[in-house]
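*Asks:* 3D, please:
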Amino acid sequence: MSEFTFHTLETAPEGSKAILEGAVEQMGKIPGLYAVMAESPEILTAYTQLHQAFTNTSFNAEELTVVWQTINVEHECHFCVPAHTAIANMMGVDPALTEALRNSQPMPTPKLQALQDLTLSIVRNRGFSSDAELEAFYAAGYAQKQVLEIILGLSQKVISNYVNHVAKTPVDEMFQQFAWTKAK
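*Replies:* Have a look, this model is predicted:
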């Protein structure tokens, strides 16, 4: 079997139904990512808990967006880049920042550039960032707490990006206006 099941409230395992009902209440429908994850209540629960935990970190809306979108673009997630573009818009993030992230362009401030640089280093080097990279991050005004928070955001994005890759999750209609393909 090569196609993943996209669950509804009627077909989802019991352990996934409450989260799916919450999604319908909040977004008016079940996003494709949740519909796929519903097959495993454990991954759906973990993902939603990690999302909530990451949004509760010390990062502001711009910084959350930098971490999410830097990872989404690096992982080439056709679903999450448009979804997080919509989320950034809802959070009031400057569209110029979102476009820079979507197109792998420089960040508008040195502090956000340091955040993007360390996020990319952690992703690309599987956590083996150099002392110089960490020192540049600290010099920009961040601390060890934010290094750990990047790793929390990465754990959330690995789940969603990889699920979308293996399931070939189609971009939901509500995100299609922000469709994305990696710039060459």
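*Asks:* From here on, just use CA atoms for contacts and neighbour counts.
*Replies:* OK.
*Asks:* contacting residues for residue 78?
*Replies:* 164, 171, 179-181 (Cα atoms under 8 Å, 6 or more residues apart in numbering).
*Asks:* in the longest helix that the chain contains, what counts as buried?
*Replies:* Identified as the longest helix of the chain according to DSSP state H is helix 144-167. By 16 or more other Cα atoms under 10 Å, the buried positions in helix 144-167 come out as 146-147, 149-161, 163-164, 167.
*Asks:* again with stretch 3-23
*Replies:* 6-9, 12, 16-17, 19-21.
*Asks:* what about the helices in the chain?
*Replies:* Assigned by DSSP H, the chain shows helices spanning 14-27, 32-37, 41-55, 61-74, 80-90, 95-102, 110-124, 131-139, 144-167.
*Asks:* could you dump those to JSON lines with distance to residue 2?
*Replies:* Shown next, in JSON lines, are the helices of the chain (distance: least, Cα to Cα, whole Å):
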{"stretch": "helix 14-27", "distance to residue 2": "22"}
{"stretch": "helix 32-37", "distance to residue 2": "13"}
{"stretch": "helix 41-55", "distance to residue 2": "19"}
{"stretch": "helix 61-74", "distance to residue 2": "24"}
{"stretch": "helix 80-90", "distance to residue 2": "21"}
{"stretch": "helix 95-102", "distance to residue 2": "30"}
{"stretch": "helix 110-124", "distance to residue 2": "28"}
{"stretch": "helix 131-139", "distance to residue 2": "41"}
{"stretch": "helix 144-167", "distance to residue 2": "9"}
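*Asks:* Mean pLDDT for the ones you listed - can I get that in a markdown table?
*Replies:* Listed next are the helices of the chain as a markdown table, based on pLDDT from 0 to 100:
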| stretch | mean pLDDT |
| --- | --- |
| helix 14-27 | 96 |
| helix 32-37 | 98 |
| helix 41-55 | 98 |
| helix 61-74 | 98 |
| helix 80-90 | 97 |
| helix 95-102 | 97 |
| helix 110-124 | 98 |
| helix 131-139 | 98 |
| helix 144-167 | 98 |
